[in-house]
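[1] Predicted model and sequence follow; I will ask about them next.
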Amino acid sequence: MKNIINHVIIAVFTGLLISSIEEPHQEEPVVEEVIVMQKELTKEQEWELLYETICWVETKTILGVNEQEKDYANDPKLKGKDKDWGIIQITPIYVKEVNRILGKEKYKHEDAFDITKSREMFDIVQNHRNPEKDLNKAIRLHNKHTWYAERIWERFEQVKEEILNQC
């Protein structure tokens, strides 16, 4: 039995060796790299754009940033008229909701002035109430006013178009 297995192994190896000698090696055809223009943003890209848009709209609303300006002030120390603070204008009720979701008192209203903590609070609320990351729902959860959603979508589409035109 051992002798038969050795003959089979030798035959297979010899066959492979002979076939590699008989057939000259052909090079694989070169496939040209094709650059595909991105026609849509990924869901993750849209989510990040939405957050940046919220920051932009909140800043513009407080500072009255000129529509013609390309960038916004991005000032984390902004104070609105009704105890809405920071880059995304977090209210005491928003902080209370974040702490309720967490089941502990982790955040204070003053944390709204910290860009990182503001984003953390935004993500906590969104992940809890909007795990599917629906953009319309995200906007409504942040600010339920119709005028707010209109401003967000106007800016969002403008920036999205600029991004896609650069691709």
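    That came through fine. Numbers count the residues shown, from 1 in each chain.

[2] what's the following helix or strand after the helix or strand of the chain with the lowest mean pLDDT?
    Across the helices and strands of the chain, mean confidence by mean pLDDT, DSSP states H and E is lowest for helix 2-22: a mean of 42. As assigned by DSSP states H and E, the chain's next helix or strand after helix 2-22 is helix 43-63.

[3] which other helices and strands contact that next one?
    helix 115-129, helix 135-142, helix 146-166 (3 or more C-beta pairs under 8 Å, 6 or more residues apart in numbering; DSSP states H and E). C-beta: built from backbone N, CA, C; applies to glycine.

[4] What residue, apart from its backbone neighbours, is nearest Asp114 spatially?
    Once flanking residues are discounted, Asp114 sits nearest to Pro76: 6.6 Å by C-beta to C-beta, 6 or more residues apart in numbering.

[5] hmm, I was thinking of Cys55
    Distance criterion C-beta to C-beta, 6+ apart; nearest residue to Cys55, sequence neighbours excluded, is Ile87 at 5.0 Å.

[6] what's the answer for Lys39, then?
    Spatially, and ignoring its direct neighbours in sequence, Lys39 is nearest to Leu164 (6.9 Å; C-beta to C-beta, 6+ apart).

[7] And the pLDDT for the one you found?
    Note on Leu164: pLDDT of 89.

[8] Hmm, it is touching Glu46, no?
    No. Leu164 is beyond contact range of Glu46, at 11.4 Å (criterion: C-beta atoms under 8 Å).
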